[in-house]
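Peer 1: Just to be clear, the model below is a prediction. Sequence and coordinates:
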Amino acid sequence: MSEVIWGLGTSHVPSIGAAMDRGLHDDPVWSKLFAGYQPAREWLADRTPDVAVLVYNDHANGVDLDVVPTFGIGVADRYAVADEGFGRRAVPDVVGHPELSFHLLQSLVDDGFDMTVFRELDVDHGFTVPLSVWTPDPGDAWPCPVIPLMVNVISYPQPTAARCYALGQALGRALASYPEDITVGILGTGGMSHQLAGTRAGFINPTFDHMFLDAIEVDPEKLAALSREDYIREAGSEGIELIMWLVMRGAMNAEVTKVHTAYHVPASNTAAGLALFDNRAPARA
Amino acid sequence: MSEVIWGLGTSHVPSIGAAMDRGLHDDPVWSKLFAGYQPAREWLADRTPDVAVLVYNDHANGVDLDVVPTFGIGVADRYAVADEGFGRRAVPDVVGHPELSFHLLQSLVDDGFDMTVFRELDVDHGFTVPLSVWTPDPGDAWPCPVIPLMVNVISYPQPTAARCYALGQALGRALASYPEDITVGILGTGGMSHQLAGTRAGFINPTFDHMFLDAIEVDPEKLAALSREDYIREAGSEGIELIMWLVMRGAMNAEVTKVHTAYHVPASNTAAGLALFDNRAPARA
Amino acid sequence: MFMSLTRAQAREEFLADESAYCDRFGLAEDQTTAVLRRDWQAMLDLGGSIFYVYKLAMMDGLSMQYLGGVFTGMTEADFKAAMLAGGRTDV
Amino acid sequence: MFMSLTRAQAREEFLADESAYCDRFGLAEDQTTAVLRRDWQAMLDLGGSIFYVYKLAMMDGLSMQYLGGVFTGMTEADFKAAMLAGGRTDV
Ligand SMILES: [Fe+3]
Ligand SMILES: [Fe+3]
């Protein structure tokens, strides 16, 4: 069986990637955000898994909005970095893990999750920014193969938070039944509170965000019980991306150990948050 | 609420469409097949619903195999007839029903079905041949708006028969909760036994097909309990298309009244079957 | 149509003749007008996704914070300042 | 690549230079060879879906029953006759 060793929740704001690509680590606007990432990056550097599963959403870059899958999974051996309208980010393409992808696909479909399969997929900032948060200087390659798990959060009706949490639990079962002994890291991405368009553009709700950062560790069921409308009202129309953290959390043990959390406003128009959890029982740490 | 008034299961063999398009109704190879359709066509001609939902699969014509949704639903106001490699069939484009589509989409997603949404979709023989079986001479337009419900049956892993039956039941609930009083016909398409490629090419299993034609009326649970492998072994690699009849059946009442069934071998390489059920209680017929 | 702007060549074609490019993709007249006039609010009102609309803004060298200002009736500088001050917590 | 054959113009381009067309889509050498030689079984073995492969057969004016013959070592006439006799019920 494969073992989930950690789970990382993180925002995927494009400007975080842009700031890193332009070397603004020490810029006064950005330094506080990046300082908040540092303890997580150090802990993760010593715990590179054999494979990572990255739960994210595309922003009309890899997939046209004419076709909107609720849940998708990549089964390719390579995912190119997308050109989002201004040339692609200068970061490595993503190496996949087709064997584990196919195992997860089959397990999830048999478990009643109606996955859309991507044999080809370009990945956008929703995917590459979390990789950069994890690994600021990847060099020629990201630390390990990564499997994309795509969630529709940008087009109504999004899946419910409860369904995302259930997908995470099914993902946990699927990983546990993989024949090989490998270690896995899971990334849940997006959020935190933000709204890009409309009269509420610029909306930020730190109270909700802090509640979320606490509850994702100790009481994910509470977050899974919130409706689509709850998320949009409390976290803004794009804050509903937070439901993707529940997929990550669902794949982990009931009890996890918090390694680090960070919260910063703003990254561009968005509240940026990070939460890193150790999935191994304390005795084994 | 909307009311499902009938359910029609039918094969969608492309050569049936081609034979109709070339006026081969009375050709000796085809006349027996078309004679079998006649009673169903007459019954249906008097019972045109306000909208139809057509459960089908695409054959790498409307959607590239690089992206394979397990379940998809169209929400467009129009679906063009696809060019499958030899020019499009000379039949009308399909008029959709976006309002009912959106209602079904929302209900199904809230009910835990992970639909892929198609805002644009070309429909191939899997869609237009069943429409021709229902309505041989559509003239300028099909009898009513039709909503495509797409199922992956051509790429492993297909959804289980049980999941298809559950989708049908959810579809039935979604239709029942539609605010307007409209009548609906449901078409489940594909099958019956056939295999196109490999050493078993040409495989036909009339015993299984007749069992299926009986059980789809009186014991759909039995068919829903069969595995993917059962279908492929008993009905051939493309015979697994029959799981789409279970979506149709699931949306109907526990008890339905058989109007007509027909069975014919071969339509090209395929066993062609038809089953028409009245969903109204006998007292109302 | 905005999806096509993820290809560099398409971006050149668009800039060369914006109106012809809109025609090519079958945009309605009010949609084309909104694009040509850069009426960002109208693009949203006519059904454009913010993620598509943003692709056009990026080509114009405009930021999401500029758009945020447009949607809320602020200047870009005021919108940026509001974000740096912790965002709009009261809406 | 086979998906592109649903467009009439692409079919013309393919027929004009099949090998160049395969290159354009990045087919491996063994895949290109299978296409050029119309080695239908090899196309399947190399991972081609029957529904893609059939698009090529259709362009050649070949039927699914011709392919059925190829896969089972029969002539098209024999395969057709077997189907008309009720199909292959014993495999
Ligand atoms: Fe996002
Ligand atoms: Fe079919």
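Peer 2: Yes, it's here. Source: prediction; values computed, not measured. Ligands and ions are numbered 1, 2, ... in the order given.
Peer 1: drop to CA atoms for contacts and neighbour counts, all remaining ones
Peer 2: Will do.
Peer 1: Domain ranges for chain C, per the record?
Peer 2: With domains defined by automatic domain parsing, chain C comprises C:2-60, C:63-91.
Peer 1: what's the closest of those to chain D?
Peer 2: Closest of the domains of chain C to chain D is domain C:2-60, at 17.7 Å (criterion: CA to the nearest CA).
Peer 1: From the chain's centroid, how far away is that closest one?
Peer 2: Centroid displacement of domain C:2-60 relative to its chain, using CA atoms, centre = their mean, to the nearest Å, is 8 Å.
Peer 1: touching chain B at all, that domain?
Peer 2: No: Domain C:2-60 stays clear of chain B (CA under 8 Å from any CA of the partner chain), getting no nearer than 12.6 Å.
Peer 1: hmm, back to that, could you dump the domains of chain C into a markdown table with mean neighbour count added?
Peer 2: Listed next are the domains of chain C as a markdown table, based on neighbours: other CA atoms under 10 Å in any protein chain shown:
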| stretch | mean neighbour count |
| --- | --- |
| domain C:2-60 | 16 |
| domain C:63-91 | 18 |
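Peer 1: could you say what helices and strands the longest helix anywhere in chain A packs with?
Peer 2: When chain A is parsed with DSSP state H, its longest helix is helix A:28-45. Here helix A:28-45 touches helix A:125-134, strand A:257-267, strand A:270-278, going by 3 or more CA pairs under 8 Å, 6 or more residues apart in numbering or on different chains; DSSP states H and E.
Peer 1: Mind doing that once more with 10 Å?
Peer 2: When contacts are defined as 3 or more CA pairs under 10 Å, 6 or more residues apart in numbering or on different chains; DSSP states H and E, helix A:28-45 packs onto strand A:3-10, helix A:14-21, helix A:125-134, strand A:257-267, strand A:270-278.
Peer 1: Quick one: check the fourth one for contact with chain C.
Peer 2: In this case it means strand A:257-267. Yes: using CA under 10 Å from any CA of the partner chain, we find that strand A:257-267 touches chain C at A:264-267.
Peer 1: restrict those to those near chain D?
Peer 2: Answer for these near chain D: none qualify (CA under 10 Å from any CA).
Peer 1: Sketch out the helices for chain C, chain order is fine.
Peer 2: Remark: helices assigned in chain C by DSSP H are C:8-16, C:18-24, C:29-36, C:40-45, C:50-59, C:64-72, C:76-84.
Peer 1: lowest-confidence stretch among the ones you listed?
Peer 2: Lowest mean pLDDT within these: helix C:8-16, at a mean of 80.
Peer 1: Check which helices and strands that one sits against.
Peer 2: By 3+ CA pairs under 10 Å, 6+ apart, helix C:8-16 packs against helix C:18-24, helix C:50-59.
Peer 1: could you dump those to CSV with distance to chain A?
Peer 2: Compiled in CSV, these are given as follows (distance: least, CA to the nearest CA, whole Å):
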stretch, distance to chain A
helix C:18-24, 16
helix C:50-59, 6
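Peer 1: between those, which one is nearest to A:His97?
Peer 2: Closest approach to A:His97 among those (CA to CA): helix C:50-59, 29.2 Å.
Peer 1: picking that back up, the helix or strand just after the longest helix of chain A pairs with which strands?
Peer 2: Moving toward the C-terminus from helix A:28-45, the next helix or strand (DSSP states H and E) is strand A:51-56. Using DSSP bridges, strand A:51-56 pairs in its sheet with strand A:146-151 (parallel), strand A:183-189 (parallel).
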